[in-house]
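S.K.: Structure, please.
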Amino acid sequence: MSKNCLEISERIIEMSGIDIFKNTRKRDYVRGRALACYIFREKMNMRWAKISDFFVSKGKELDHSSAIHLVNMYPIYAKECPELREIESCFVFDD
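M.R.: Got it, this is the predicted structure:
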């Protein structure tokens, strides 16, 4: 599963031009992380702790409660930044 996460996060970085693993709270970076967390949780059914562990393994400080907050905020971020929905639509998962 970690390989899939890495591929997805690399694709998000490539498409957005933003390093979602950078330890910053700038809005664009937060939105990118929210998209990744949303995909991991809602599309891949990952557990909160696994999402957190993945980000930590890539050097980004992120605990499970931050992942929960990012997923909850994703619809708001997507409304503010339609590019997020465009990037999200590039990922297709089987049910």
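
S.K.: Go ahead and confirm Ala34 touches Glu80.
M.R.: No: look at Ala34 against Glu80 with CB atoms under 8 Å: they stay out of range, at 10.7 Å. C-beta: built from backbone N, CA, C; applies to glycine.

S.K.: which one of those two has more residues nearby?
M.R.: More crowded of Ala34 and Glu80, by other CB atoms under 10 Å: Ala34, with 24 against 11.

S.K.: Just list what the host helix or strand of that one packs against, helices and strands only.
M.R.: Take DSSP states H and E as the rule and Ala34 turns out to sit in helix 27-38. Packing partners of helix 27-38 (3 or more CB pairs under 8 Å, 6 or more residues apart in numbering; DSSP states H and E): helix 2-16, helix 64-80, helix 83-88.

S.K.: May I see the buried residues of the last one?
M.R.: Read that as helix 83-88. Using 16 or more other CB atoms under 10 Å as the test for burial, helix 83-88 gives 84, 87-88.

S.K.: Give me the contact list for the least confident helix or strand in the chain by mean pLDDT.
M.R.: Confidence across the helices and strands of the chain bottoms out at helix 2-16, with a mean of 91, counting by mean pLDDT, DSSP states H and E. Helix 2-16 has contacts (CB atoms under 8 Å, 6 or more residues apart in numbering) with 19-21, 28, 32, 35-36, 39-40, 44, 46, 54, 57-58, 83, 87, 90-91.
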